[in-house]
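Asks: Here is my input; please provide its structure:
(one chain, ligands or ions: 4)
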Amino acid sequence: AELIAELRRAVDEGQLCVEYQPIVDLATGTVRSAEALVRWRHPRLGVLPPAAFLPLAEETGLIVPIDRWVLHEACRAAAAWRERAPQVTVAVNLAAAHLRRPDLIATVIAATAGAGLPPRALTLELTESALIEGSDAVLDRLRQLRELGIRLAIDDFGTGYSSLSYLHHIPATELKVDRSFVARLGAEDVRAYATVEMVNRLAAAFDLAVVAEGVETDAQHAAVTAIGCVHGQGWRYGRPAALPELLTALTPVD
Ligand code: G
Ligand code: G
Ligand code: MN
Ligand code: NA
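Replies: Ligands and ions are numbered 1, 2, ... in the order given. Modelled structure (predicted):
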């Protein structure tokens with residue numbers, strides 16, 4: 001209960017911060033995008049990861065102002081790094097609650113336009129469980145976002161209790177292969193390999209880009225590359241880091 005009150009104040013008192021993790025082109029190692037990941041600099045408990053407070057935020061509805069703050073912050077950051085690296089986009093996680101909000105489109109436009117970020121430079125990451133609730137109103141909102149040029153990623157793909165039929169309706173642009181599958185690749189697990197291969201083929205058939213998440217080792221990197229995934233994310237390429245560190249990584253070496 002106390003944590004709820006503290007979390008409510010955290011947004012207003014500037015205790016949240018955002019780290020950025022690179023998403024690279026597997027063939028060249030070039031940074032293509034960066035995922036914004038929220039942290040809470042708690043005055044007593046130190047830096048808390050999302051898992052420590054986002055479930056509470058979702059229960060209480062505080063996730064809406066939190067995600068909105070992250071979205072604005074990330075759009076401003078991306079507009080800044082694109083002056084240095086014009087092709088590098090940004091990815092922001094959105095909780096399911098946003099899809100049910102009629103003001104979602106206005107919120108996203110306010111963030112991109114306010115930052116001077118072209119909509120095509122923003123990817124919104126949504127989980128399967130958020131997407132399968134897909135009422136007509138939700139689908140309509142997703143289509144409006146696509147019409148603006150916003151990209152839509154299905155996060156943690158393969159971990160929800162969803163059927164695959166929703167892929168036919170959701171106007172997504174990419175799939176993020178959940179890191180639990182990638183984690184098993186290093187051990188030359190035949191089933192893990194087949195799973196990632198299947199996701200990659202499915203993505204190709206639906207004309208979706210694929211990001212392999214949680215790539216930690218050279219062996220996993222080799223496996224996802226051999227399977228044909230185009231993009232990768234994980235400690236092998238870079239940990240989530242504060243904006244200045246990402247900017248350093250993006251500095252053209254010349
Ligand atoms: O950084 P970390 O690996 O601990 O993130 C854990 C999870 O929290 C990720 O799967 C990510 O989807 C989620 N997450 C991180 N930042 C945000 C955010 O700003 N909003 C929402 N809704 N989820 C986030
Ligand atoms: O949105 P999503 O749940 O996919 O967020 C990515 C989460 O995965 C973040 O919390 C991030 O800190 C974490 N992460 C990113 N790269 C790696 C990795 O290589 N290994 C592990 N174990 N976790 C990672
Ligand atoms: Mn994500
Ligand atoms: Na994920």
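
Asks: tell me the contacts of K176?
Replies: E125, A153, I154, D155, D156, F157, V210, V211, E213, Q233 (Cβ atoms under 8 Å, 6 or more residues apart in numbering). C-beta coordinates here come from the backbone N, C-alpha and C atoms, glycine included.

Asks: ok, 7 Å please
Replies: E125, A153, I154, D155, D156, F157, V211, E213 (Cβ atoms under 7 Å, 6 or more residues apart in numbering).

Asks: For the stretch 1-150 of the chain, which residues are neighbours of ligand 2?
Replies: Q21, L37, N93, E125 (Cβ under 6 Å from any ligand atom).

Asks: What parts of this structure come near ligand 3?
Replies: Residues of the chain lying near ligand 3 by Cβ under 5 Å from the ion: N93, E125, D155.

Asks: Counting by contacts, list what the helix or strand A113 falls within packs against.
Replies: Using DSSP states H and E, A113 maps to helix 104-115. Here helix 104-115 touches helix 63-84, helix 136-148, going by 3 or more Cβ pairs under 7 Å, 6 or more residues apart in numbering; DSSP states H and E.

Asks: now check it, is it near ligand 1?
Replies: No. Against ligand 1, helix 104-115 shows no contacts by Cβ under 6 Å from any ligand atom, the least distance being 12.6 Å.

Asks: who are the neighbours of the following helix or strand past that helix, in terms of helices and strands?
Replies: Sequence-wise, the next helix or strand downstream of helix 104-115 (DSSP H and E) is strand 122-127. Packing contacts for strand 122-127, counted by 3+ Cβ pairs under 7 Å, 6+ apart, involve strand 89-93, strand 151-157.

Asks: mind running it again at 10 Å?
Replies: Applying 3 or more Cβ pairs under 10 Å, 6 or more residues apart in numbering; DSSP states H and E, we find strand 122-127 packed against strand 31-42, helix 63-84, strand 89-93, helix 104-115, helix 136-148, strand 151-157, strand 174-177, strand 209-212.

Asks: Let's have the ones you listed in TSV, adding mean pLDDT.
Replies: Formatted as TSV, the helices and strands packed on strand 122-127 follow (pLDDT from 0 to 100):
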stretch	mean pLDDT
strand 31-42	98
helix 63-84	97
strand 89-93	98
helix 104-115	98
helix 136-148	95
strand 151-157	95
strand 174-177	96
strand 209-212	97
